[in-house]
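Participant: Pasting a predicted model and its sequence here:
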Amino acid sequence: MSERHFLSGNEAVAQAVRLCRPRVVAAYPITPQTVVVERLAQMVEAGELDAQFVHVESEHSALSLVMGSAAMGVRTFTATSSQGLLYMAECLYYSAGGRWPLVMMNANRALALPWNIYGDQSDALGLISCGWIQAYAESVQESLDMVIQAYALAEDPAIRTPVLVNLDGFVLTHTYEPVDLPEQTDVDAFLPSGDLPEGYPGTFSLTQPTSLAITAGPGDYPAFKYSQHRDMSRALAQVNVIARRFAQQFGRYSGGLTQSYRLEDAQFVIITLGSVSGTVRAAVDEMRRRGVPAGMLRLRYLRPFPSAEIRKTLFGVGRTATVAAIGILEKDISFGHQGTVSLEIKAALYEQGQHHPLPPAINLVAGLGGQDIRIEDVCGLFQDLTALACGEPRRTLQFMGMEMSP
């Protein structure tokens, strides 16, 4: 059972956290994440959430606090954004290496300089190698559902990897949508108690004492890093398992590594992530009305990266058309090269290229600093893809709205 509520993305995350019953919440407000910790403070004050709410002095302290709490076997939560995520950078690597099952919400926001409080995804995409699982929500409902599933994923003993749930700043964090809010009993049935079980790996225990956060020399260090990679890779399968279990418990499928739209016979495909997926979906419909076989592949997870699923979706058995050209639409740039997502996609397709020619691709960098992305802009990318497939010259890296130098 569930109740229908009208919530912003920030409020939906706060409600999801309440339902997951963390016992420690570390709070350091930063725009556009602030409402999350404000709502959680109100819930703790009203007795709706039985947790220690700690207003720390910095984002670095926030992540340090939840690391220590998780090491004691306690479920935790914190949230951040943009410069705050960068300030946490040391602790991101530390917590991933410590294998603590943390869940954190990040409100994607542009990075300085120049100073900008509006949304793009440069913050999280600049830290995809820090060892955290990274998920990107499209809607307010999915923001709530993704947080609940994140705890199940992070706390799986075979995974034991922190999860960063990303919401596009303002576009999702401050936009209100109807949301199905689950009953507490249903979430309790989906997730275990707010404490990790006695003897959970990586936590202090009087009955099973271990050393945590140790030093490792060259002989041992690679084994620790390999175990991080191995267990995050295991999450590729577990994400889909948890999504199916979530659907059984709550009556809706709101998960998985990727999401396809009109891809079965699509010849021109845009790959993207986050809230702009709704705009791309509308552009696909518009291009179909114009007779262009367009489709969308949405990435829900950037780490672990679903390479095999992407190849299967684009080139696998069951497709009724060959992909003629691919567009990668993203809200970041890896300066001096391409967008981060574009690099990931091309690496994923390389294995396919050993057997079949790869379609040409255009990387469109758009939405930086909150730049508006319209349906017409996405249709323009589809038009460039059709021209590229016909042999007409097109820039393979484009900045939306910019006249690029030769």
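Facilitator: Alright, I've got the coordinates.
Participant: what ranges do the helices span in the stretch 1-150 of the chain?
Facilitator: 9-20, 34-45, 59-71, 83-87, 89-98, 122-125, 140-154 (DSSP state H, counting those that start in this stretch).
Participant: quick one: which of the ones you listed is nearest Leu397?
Facilitator: Evaluated over the helices of the stretch 1-150 of the chain, closeness to Leu397 peaks at helix 122-125, with 15.8 Å, by CB to CB. The C-beta positions use only the backbone N, C-alpha and C, and glycine is treated the same way.
Participant: What average pLDDT does the closest one get?
Facilitator: Average pLDDT, helix 122-125: 98.
Participant: And for stretch 265-278?
Facilitator: Here the average pLDDT along stretch 265-278 is 98.
Participant: what's the first-to-last distance across it?
Facilitator: End-to-end distance of stretch 265-278 (CA to CA, to the nearest Å): 20 Å.
Participant: If we go by neighbour counts, what in it is buried?
Facilitator: Across stretch 265-278, burial judged by 16 or more other CB atoms under 10 Å covers 266-277.
Participant: any chance of the helices of the stretch 1-150 of the chain in a markdown table, with distance to Lys331 and mean neighbour count too?
Facilitator: Rendered in a markdown table, the data for the helices of the stretch 1-150 of the chain read as follows (distance: least, CB to CB, whole Å; neighbours: other CB atoms under 10 Å):
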| stretch | distance to Lys331 | mean neighbour count |
| --- | --- | --- |
| helix 9-20 | 16 | 26 |
| helix 34-45 | 21 | 19 |
| helix 59-71 | 21 | 22 |
| helix 83-87 | 15 | 21 |
| helix 89-98 | 20 | 18 |
| helix 122-125 | 7 | 24 |
| helix 140-154 | 17 | 26 |
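Participant: Between these, which one is closest to Gly316.
Facilitator: With CB to CB, the closest approach to Gly316 among these belongs to helix 140-154: 25.1 Å.
Participant: so after the closest one, what's the next helix or strand?
Facilitator: Sequence-wise, the next helix or strand downstream of helix 140-154 (DSSP states H and E) is strand 163-168.
Participant: what angle do that next one and helix 34-45 make?
Facilitator: With axes from the mean of the first three to the mean of the last three CA atoms, to 10 degrees defining the directions, strand 163-168 sits at 120 degrees from helix 34-45.
Participant: other SSEs contacting strand 163-168?
Facilitator: helix 9-20, strand 103-108, strand 133-136, helix 140-154 (3 or more CB pairs under 8 Å, 6 or more residues apart in numbering; DSSP states H and E).
Participant: tell me the mean pLDDT for the last one?
Facilitator: Averaging the model's pLDDT scores along helix 140-154 yields 98.
Participant: So what angle separates the directions of it and strand 103-108?
Facilitator: 140 degrees.
Participant: What spatial separation is found between the most centrally placed residue in the chain and Gly369?
Facilitator: Computing the C-alpha centroid of the chain and ranking residues by CA atoms, centre = their mean puts Ala135 first, at 1.8 Å. Noted for Ala135: a distance of 23 Å to Gly369, by CB to CB, to the nearest Å.
Participant: re the thing from before, so can I have TSV of the helices and strands packed on strand 163-168 showing distance to Glu376?
Facilitator: Output for those, formatted as TSV (distance: least, CB to CB, whole Å):
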stretch	distance to Glu376
helix 9-20	25
strand 103-108	23
strand 133-136	24
helix 140-154	25
